[in-house]
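>>> Sequence and predicted structure, then a few things I'm wondering about:
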Amino acid sequence: MTTSAQLRKTALSHPEAVAADGGRVFTVGGQEFAALDPDAHVRLRLPAAEAEDMLSQHATAERGGAFVRLPIADINGQALNYWVRRAWLACAPPELAAAASAAEQAGAGEIGDLPKAIGRPATRALANAGITTLDQVAHLSDAELAALHGVGPKAVRILRETLATR
């Protein structure tokens, strides 16, 4: 079962995402892209074609103005991550969305001087957060690195080992 904590973590994993209204509303560039309504419905701002796609995939989803809503209990975590990402991309300032889209295509060892051994998910997560060099990694704690969706304990260990040998 998907929780409000997962929605919060997913929404805030995106660059420049901000929580408001007690952590129930998430914005980027001043525009709301996701929220959890008091009736435990996730609310996402999606482009029309993607809204239609979501409505066709989730029987309990409904259109609500510029948003699509569905009960948080009716969406699995992986689908939530996908749809929150789509909503964030739709609402982010164009240059930020373009950088994030480019980060999605990044392969291990293709960004800055990040080691290939950390793998593709960690490379993408770091690039998505604007972290492309080991010097930038050095300024982050292990907890900050691990908080990035896609950066696990192995990637953190490899990054620290790489920094130690420099």
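Everything's here; your move. Numbers count the residues shown, from 1 in each chain.

>>> quick one: the lowest-mean-pLDDT helix or strand in the chain to chain centroid distance?
Counting by mean pLDDT, DSSP states H and E, the chain has its least confident helix or strand at helix 94-104, which shows a mean of 82. Centroid separation between helix 94-104 and its chain, computed with CA atoms, centre = their mean, to the nearest Å, is 12 Å.

>>> After it, which helix or strand is next?
helix 120-128 (DSSP states H and E).

>>> Show the average pLDDT along that next one.
For helix 120-128, the mean per-residue pLDDT is 86.

>>> got a list of contacts for that helix?
13-15, 100, 102-104, 106-111, 114, 118, 132, 137, 148-152, 155 (CB atoms under 8 Å, 6 or more residues apart in numbering). The C-beta positions use only the backbone N, C-alpha and C, and glycine is treated the same way.

>>> Now which of those residues would you call buried?
13-14, 100, 103, 106, 108, 111, 114, 118, 132, 137, 148-152, 155 (16 or more other CB atoms under 10 Å).

>>> Tell me where the chain has strands.
18-20, 25-28, 31-36, 41-45, 62-64, 67-71 (DSSP state E).

>>> ok, how many other residues are close to the closest residue to Leu70 other than its chain neighbours?
Counting by CB to CB, 6 or more residues apart in numbering, Leu70 lies nearest to Ala61, which is 4.0 Å off, once chain neighbours are set aside. Per other CB atoms under 10 Å, the neighbour tally for Ala61 reads 21.

>>> need the contact list for Ala61.
Ala61 neighbours (CB under 8 Å, 6+ apart): Met54, Leu55, Val68, Arg69, Leu70.

>>> just curious, which of those residues is nearest to Leu159?
Nearest to Leu159 among the contacts of Ala61, counting by CB to CB, is Met54 at 35.5 Å.

>>> so the closest one sits right up against Ala48, yeah?
No: using CB atoms under 8 Å, Met54 is not in contact with Ala48, being 10.9 Å away.

>>> Show me which of those two is the more surrounded one.
Met54 (21 against 9).

>>> Now do that one, the pLDDT please.
For Met54, pLDDT reads 95.

>>> dump the residue contacts of it.
Contacts of Met54 (CB under 8 Å, 6+ apart): Leu44, Leu46, Ala61, Val68, Leu70, Trp83.

>>> Backbone dihedrals for the third one, please?
Looking back up the chat, that one is Ala61. phi -70, psi 150 (degrees, to the nearest 10).

>>> for the longest helix belonging to the chain, what is the average pLDDT?
Among the segments of the chain that qualify as a helix by DSSP state H, the longest is helix 77-91. In this model, helix 77-91 has a mean pLDDT of 94.
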